[in-house]
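Engineer: predicted structure and sequence below. I'll ask about it afterward.
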Amino acid sequence: MSPFTPAETSRYVMANPSWKHVLVGRFPLGYSSWHDIVAAFTSFRLVGQYELYGLCHRHIIIRLSDSCDYVTMLIRGLWMVRGAPLHVFKWTPGFKTTEDPSVVPVWVTFPKLPLHMYHRDMLFVVTSRLGTPLTVDAPMARRDRCSHARVCIELDVSQPLVDRFLIDLGDARVEQRVIYERLPRYCTSCRTLGHAVVDCRRSGPSRVAMEARRGPRPAVVPPIEERIVTPIEERIVPPIEERDATAAEMTGRRRRRRMRRRRQGRVDGMG
């Protein structure tokens, strides 16, 4: 049993600055050279310092010192390293190399917000009930648009999403609509991004339909050691004399059959 509870682990990670801006990079096909990864990160032109650690042949750990670099890499999500795609996710204490994280950055639109809420700090307070806000888009930052606000939020796509909520204005409450942009699909069965549970090939209905079309499985052949094999010494083998006599009898039958055919052919020719 672990000596730390999940809540204690989260508090420790949040209190430790070295774990504040840590990302996970995943190569779907694996990476071939560590030198290529180092050269690619040099070309990314990150503002602050960073450290790279190899986790396995498909995953790397990215520790960043600058919060802007962290947000930039996380929001973009997909980077290229010498032609190989690199998917970037947020690191959490419960990260597993066999599963995709369910917390991903998603752009969310809030149409027709109250005018006094078109401010970054106000938006972060309002949108924190949905997830962790990361940044706002450029028009929102310049305050030259008041029709809607766009905020990038870290969402747990494995959980049910809120499509509207109430904003308390003090003397009144306003119902706010939520629009998610390019919401990624997440399979809670195989813990993978890119498809839903109904489309899962491992345990979804599509697998059941595929097995139904395939038909019944063939009978299982028992292992060799379980098969009944008659020992050689118990097999009935006729003596050599009997086998020779049988072979001679068969040869004689063939010879007499050929002679009858020849005689029949002569009789037919004479007629």
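Structural biologist: Received the coordinates, thanks.
Engineer: and the strands in the stretch 151-271 of the chain?
Structural biologist: Taking DSSP state E, counting those that start in this stretch as the test, the strands found in the stretch 151-271 of the chain are 164-168, 173-177, 179-181, 186-187, 192-193.
Engineer: so for Arg202, what's the pLDDT?
Structural biologist: Per-residue confidence for Arg202 comes out at a pLDDT of 75.
Engineer: could I get the average pLDDT for stretch 255-263?
Structural biologist: Mean per-residue pLDDT for stretch 255-263: 82.
Engineer: how long is stretch 118-136 end to end?
Structural biologist: Its start and end residues considered, stretch 118-136 measures 10 Å (CA to CA, to the nearest Å).
Engineer: same question for stretch 21-30.
Structural biologist: 23 Å.
Engineer: ok, and for that stretch, which residues are buried?
Structural biologist: Across stretch 21-30, burial judged by 16 or more other CB atoms under 10 Å covers 21-27. C-beta: built from backbone N, CA, C; applies to glycine.
Engineer: stretch 36-56 now?
Structural biologist: Within stretch 36-56, the residues scored as buried using 16+ other CB under 10 Å are 37, 40-41, 46, 50.
Engineer: can I get the residues you listed in a markdown table including distance to Val104 and secondary structure?
Structural biologist: Formatted as a markdown table, those follow (distance: CB to CB, whole Å; DSSP: H, G, I helix; E, B strand; the rest coil):
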| residue | distance to Val104 | secondary structure |
| --- | --- | --- |
| Ile37 | 22 | helix |
| Ala40 | 22 | helix |
| Phe41 | 21 | helix |
| Leu46 | 21 | coil |
| Tyr50 | 21 | strand |
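Engineer: so which of these comes closest to Arg254?
Structural biologist: Nearest to Arg254 among the buried residues of stretch 36-56: Ile37, at 78.8 Å, using CB to CB.
Engineer: average pLDDT for the one helix or strand Leu134 maps to?
Structural biologist: Assigned by DSSP states H and E, Leu134 belongs to strand 132-136. What strand 132-136 shows for mean pLDDT is 91.
Engineer: and that strand, which strands flank it?
Structural biologist: Applying DSSP bridges, strand 132-136 is found paired with strand 148-156 (antiparallel).
Engineer: who touches the strand it pairs with?
Structural biologist: The contact list for strand 148-156, computed with CB atoms under 8 Å, 6 or more residues apart in numbering, reads 71, 75, 90, 102-113, 117-118, 123-124, 127, 130-137, 139-140, 161, 180-181.
Engineer: please repeat the previous calculation with a cut-off of 6 Å.
Structural biologist: Contacts to strand 148-156, defined as CB atoms under 6 Å, 6 or more residues apart in numbering, come from residues 75, 102-103, 105-111, 113, 123, 127, 130-137, 140.
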